[in-house]
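> give me a model of this one.
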Amino acid sequence: MPQINKSTLDFLATLSRNNNKEWFDQHRSDYAAAKANFELFVQELITEISEFDPILKGLEAKNVIFRINRDIRFSKDKSPYKTNMGAFIVRGGKQNGNKFAGYYFHIEPGQCMLAGGAYVPPAEWLNAIRENINDYPEKFLKIINDPSFRKKFGQIEGEKLKKAPKGFDPGSSHIELLKYKSYLAVKQTTDKQVLSPDYFSFATDTFKSMKPLNDFLNEY
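Predicted coordinates for the structure are as follows:
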C-alpha cells in the first residue's frame with residue numbers, strides 16, 4: 001500500500017521555517033520528491049474511493065491537487081508557498097469544489113486532516129442543501145447520527161448564521177441545521193498516524209463514511 005514518507009512531512013516543516021524563493025530554489029529536488037510521494041498516494045486514494053464512488057473513476061491526481069504556490073495578490077502575508085499539501089477529490093477535479101461535495105486530503109505537520117462535504121457553497125447550492133434538509137430532515141439526521149459517522153467525525157462542522165436563513169421558518173425544529181454556511185465532516189489526524197503503514201486503509205475507510213453525507217449534499 002502507498003505510504004506518506006517522513007521526508008515529505010519533514011520538507012513541509014522545514015519549508016515553514018524557510019518560506020522564501022531562494023531556499024525553495026535550492027531545495028527543488030526535495031520538493032519534487034515530496035510532491036511525487038503525495039501524488040502517488042492521492043492517485044491510489046482516487047482508485048480506492050472510486051470503488052465505492054464510481055463517479056470519480058478516471059480522475060487523475062494532477063487534477064485534484066492544489067498548487068504549493070500561494071496567491072499573495074490580496075494578502076498581507078507575502079510568504080510565497082503553502083506549508084501543506086492538499087487534494088480535493090471531487091467529480092471533474094478541484095475546480096468543481098464550488099459545485100459538488102467531495103473528499104479532501106490534507107497533510108501539514110501538526111495539522112493533518114481528512115475532510116469532506118461542502119465548504120462555503122455558493123448561494124444557489126447552499127439554498128438547495130437547506131431546502132433538501134428542510135424537506136427531508138429525517139434522512140439527513142439518519143446520516144449525521146449514524147454510529148459510524150459519529151464515531152469518526154463527532155458532528156458536522158461549519159460556520160453558522162446567527163438567525164434563520166431567509167425563506168425558512170425560524171420556528172422549525174431543525175432550524176439549527178439550516179443555519180450552517182458549510183456542511184463538513186472533518187477527521188483530524190496526527191503526524192504519527194499519517195506516517196503509519198495502515199494510514200492508507202484508515203483514510204479510505206474514513207472517506208467511505210463520508211459518502212452518504214456527500215451524496216445528500218449533491219442532491220440538487
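> where along the protein do the helices fall?
For the chain, applying DSSP state H gives helices covering 6-17, 21-26, 28-52, 123-135, 137-144, 147-153, 175-178, 191-195, 199-217.
> a markdown table for those, including distance to residue 86, mean neighbour count and mean pLDDT?
C-beta coordinates here come from the backbone N, C-alpha and C atoms, glycine included. Shown next, in a markdown table, are the helices of the chain (distance: least, Cβ to Cβ, whole Å; neighbours: other Cβ atoms under 10 Å; pLDDT from 0 to 100):
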| stretch | distance to residue 86 | mean neighbour count | mean pLDDT |
| --- | --- | --- | --- |
| helix 6-17 | 11 | 17 | 98 |
| helix 21-26 | 18 | 11 | 96 |
| helix 28-52 | 9 | 17 | 98 |
| helix 123-135 | 21 | 16 | 97 |
| helix 137-144 | 24 | 15 | 97 |
| helix 147-153 | 18 | 14 | 95 |
| helix 175-178 | 27 | 16 | 96 |
| helix 191-195 | 13 | 16 | 98 |
| helix 199-217 | 13 | 19 | 97 |
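> so which of these is nearest residue 166?
Closest approach to residue 166 among these (Cβ to Cβ): helix 123-135, 9.0 Å.
> not counting its own residues, what contacts the closest one?
Contacts with helix 123-135, where a contact means Cβ atoms under 8 Å, 6 or more residues apart in numbering, come from 98-99, 118, 121, 140, 165, 167-168, 172, 174, 177-178, 181, 183, 216-217, 219-220.
> sweet, I'm off.
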